[in-house]
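Chemist: Starting from these lines, generate the structure:
(one chain, ligands or ions: 1)
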Amino acid sequence: MGNASDARPWLLLDDLPFQSGYAKRPPERLAIRLQFGVKSGSDAEHGGVDDMTKLTYLNEPGVLYNLAKRYALNEIYTYTGSILIAVNPFTKIPHLYNVHMMEQYKGIRFGELSPHVFAVADASYRAMMSEGRSQSILVSGESGAGKTETTKLIMQYLTHVGGRAAFDNRTVEQQVLESNPLLEAFGNARTVRNDNSSTIVSLQYSSIIHDCSDTSF
Ligand SMILES: Nc1ncnc2c1ncn2[C@@H]1O[C@H](COP(=O)(O)OP(=O)(O)OP(=O)(O)O)[C@@H](O)[C@H]1O
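Modeler: Got it, this is the predicted structure:
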């Protein structure tokens with residue numbers, strides 16, 4: 001919690017919305033003084049909203065509360081306009097990334113279905129096809145946030161919608177995804193934040209996506 005007089009972390013108390021306050025830890029008990037409360041809009045009370053711009057109160061505690069509500073329902077993705085926020089589940093949610101899901105997001109209008117990394121990849125792919133220009137997807141977050149996994153999912157989606165058979169009867173999808181272990185073997189290392197930290201190879205992934213879009217779409 002840090003210095004009680006300076007630190008004002010957002011606290012989740014029981015089922016209340018996040019509130020700004022600070023904690024004092026006397027030997028036997030924890031006393032929490034709330035700085036001020038946050039009214040949660042009725043929208044955030046029923047599992048949260050899928051786009052943060054729909055929040056009645058668009059402030060930090062409101063955003064955290066909304067993400068926590070959705071996370072509790074395994075809804076790890078949330079939009080803020082055209083930006084996708086992903087909360088790392090640290091567990092496999094297989095139905096979220098199967099072929100059926102990729103097919104669902106194919107060509108869909110952005111925002112029509114639940115927030116998903118495939119929706120972002122699809123919007124980027126469509127823009128590239130219609131404008132005839134390269135597109136960039138920025139994947140940002142602290143170490144262990146899930147950037148590498150997210151990048152792999154984007155690659156998986158792009159190769160699914162745009163890949164076609166290549167050499168040795170292996171699809172572009174197979175070739176690109178098969179290169180991951182090799183890149184990770186050279187560039188990854190265990191850190192205190194992430195068993196498979198891959199900061200070194202992040203830029204290489206970017207260029208693979210770029211190359212892939214140049215040759216196969
Ligand atoms: N969408 C996801 N579903 C399930 N687990 C995930 C997901 N995203 C990340 N993870 C888990 O979190 C771990 C860390 O993710 P990842 O390696 O992608 O983080 P990172 O942001 O790339 O970290 P670094 O910057 O250190 O390389 C993964 O090994 C995986 O176990």
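Chemist: Low-confidence ranges, this protein, go.
Modeler: 1-46, 163-173, 199-217 (pLDDT under 70).
Chemist: Kindly report the residues of it close to the ligand.
Modeler: 88-92, 141, 143-149, 193-194, 196-199 (CB under 6 Å from any ligand atom). All C-beta atoms are positioned from the backbone trio N, CA, C, and that covers glycine.
Chemist: which of these are buried?
Modeler: With burial judged by 16 or more other CB atoms under 10 Å, the buried subset of the residues of the chain next to the ligand is 144, 145, 146, 147, 148, 149, 194, 197, 198.
Chemist: The first one reaches residue 193, doesn't it?
Modeler: Yes - using CB atoms under 8 Å, residue 144 is in contact with residue 193, at 4.2 Å.
Chemist: which phi and psi does the nearest residue to residue 147 once chain neighbours are set aside have?
Modeler: Once flanking residues are discounted, residue 147 sits nearest to residue 139: 4.7 Å by CB to CB, 6 or more residues apart in numbering. Backbone torsions for residue 139, taken as degrees, to the nearest 10, come to phi -110, psi 110.
Chemist: How about residue 86?
Modeler: According to degrees, to the nearest 10, residue 86 has phi -120, psi 130.
Chemist: How many neighbouring residues does it have?
Modeler: Number of residues near residue 86 (other CB atoms under 10 Å) recorded here: 21.
Chemist: give the contact list for it.
Modeler: 76, 77, 117, 141, 145, 146, 150 (CB atoms under 8 Å, 6 or more residues apart in numbering).
Chemist: go with 7 Å
Modeler: The contact partners of residue 86, taken as CB atoms under 7 Å, 6 or more residues apart in numbering, are 76, 77, 117, 146, 150.
Chemist: Just send those residues back as JSON lines, with secondary structure too.
Modeler: Below are the contacts of residue 86 laid out as JSON lines (DSSP: H, G, I helix; E, B strand; the rest coil):
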{"residue": "76", "secondary structure": "coil"}
{"residue": "77", "secondary structure": "strand"}
{"residue": "117", "secondary structure": "helix"}
{"residue": "146", "secondary structure": "coil"}
{"residue": "150", "secondary structure": "helix"}
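Chemist: how about the helices of the chain, start to end?
Modeler: 42-45, 60-72, 99-105, 117-131, 147-162, 172-187, 202-216 (DSSP state H).
Chemist: Would you mind finding the most buried of those?
Modeler: helix 147-162 (a mean of 21; mean count of other CB atoms under 10 Å).
Chemist: quick one: it to helix 172-187, angle?
Modeler: Helix 147-162 runs at 160 degrees relative to helix 172-187, counting by axes from the mean of the first three to the mean of the last three CA atoms, to 10 degrees.
Chemist: Show me what helix 147-162 is packed up against.
Modeler: For helix 147-162, the packing partners by 3 or more CB pairs under 7 Å, 6 or more residues apart in numbering; DSSP states H and E come out as helix 117-131, helix 172-187, helix 202-216.
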